[in-house]
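Visitor: can you look at this prediction? I've put the sequence above it.
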Amino acid sequence: MVQRSAGILLYRRGPGGAVEVMLVHPGGPFWAGKDEAAWGLPKGIYEPDEDPLAAARREFAEETGSPVPAGEPIALGAFAQPSGKIVDAWCLEGDFDADSLVSNTCMIEWPPKSGKLIEIPEVDRAAWFTREQSVDKVMKGQRAILDALWQRLGR
């Protein structure tokens with residue numbers, strides 16, 4: 001069975017009315033020195049019997065330390081990733097203080113195949129990016145999610 005993730009892409013109107021998106025950066029030693037094509041929306045895996053939007057709300061809260069801002073998220077679609085995973089994505093206009101991020105943690109084996117487990121934050125930071133900045137920052141597999149947002153907002 002194909003693994004599925006769900007996430008919410010938060011956006012806001014920045015200075016001059018320009019739209020900005022909030023992306024998060026994965027935690028841990030593998031991602032520590034990576035910036036370009038390393039950011040994504042807060043998201044996570046959900047079980048087949050779980051409501052995807054409820055999972056997206058849970059994952060946002062777990063990865064940011066804050067509940068999803070008020071409002072009703074709008075479905076952007078389901079997006080195949082290079083890994084084979086499918087990401088169900090929603091967008092929501094709202095604000096979040098990126099400096100207030102407090103992510104949950106997880107255990108990973110590091111270095112790989114060493115048998116040693118270390119605890120890392122799922123995400124280590126959040127930031128707001130303009131459309132132009134986000135193209136370089138977002139993971140390649142999630143660019144289509146941003147494209148869907150820009151298309152929706154362009155209507």
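Guide: On my side now, so go ahead.
Visitor: could you measure from the residue nearest to Pro26 when sequence neighbours are not counted over to Ala70?
Guide: Ranked by Cβ to Cβ, 6 or more residues apart in numbering and with sequence neighbours excluded, the top spatial neighbour of Pro26 is Val123, at 6.0 Å. Heads up, the C-betas are built off the backbone N, CA and C, glycines and all. Val123 is 22 Å from Ala70, where distance means Cβ to Cβ, to the nearest Å.
Visitor: equivalent analysis for Phe30, please.
Guide: Separation of Phe30 from Ala70 (Cβ to Cβ): 35 Å.
Visitor: circling back to that earlier point, give me the more crowded residue out of Val123 and Ala70.
Guide: The neighbour comparison of Val123 against Ala70 (other Cβ atoms under 10 Å) goes to Val123, with 24 against 7.
Visitor: wait, isn't the more buried one in contact with Val24?
Guide: Yes - assessed by Cβ atoms under 8 Å, Val123 is found in contact with Val24 at 4.1 Å.
Visitor: could you report the neighbour count for Cys106?
Guide: Cys106, neighbours per other Cβ under 10 Å, totals 14.
Visitor: okay, and the beta partners of it?
Guide: Cys106 forms beta bridges with Ile120, as assigned by DSSP bridges.
Visitor: how far off centre is the stretch of helix or strand Ala89 belongs to?
Guide: Assigned by DSSP states H and E, Ala89 belongs to strand 86-93. Centroid separation between strand 86-93 and its chain, computed with Cα atoms, centre = their mean, to the nearest Å, is 9 Å.
Visitor: who does it pair up with?
Guide: Here strand 86-93 is paired, per DSSP bridges, with strand 4-13 (parallel), strand 74-80 (antiparallel).
Visitor: got the buried residues for that strand?
Guide: For strand 86-93, the neighbour count (16 or more other Cβ atoms under 10 Å) marks Ile86, Val87, Asp88, Ala89, Trp90, Cys91, Leu92 as buried.
Visitor: likewise stretch 48-63?
Guide: In stretch 48-63, counting by 16+ other Cβ under 10 Å, buried: Pro52, Leu53, Ala55, Ala56, Arg57, Arg58, Glu59, Phe60, Glu62, Glu63.
Visitor: perfect, I'm done here.
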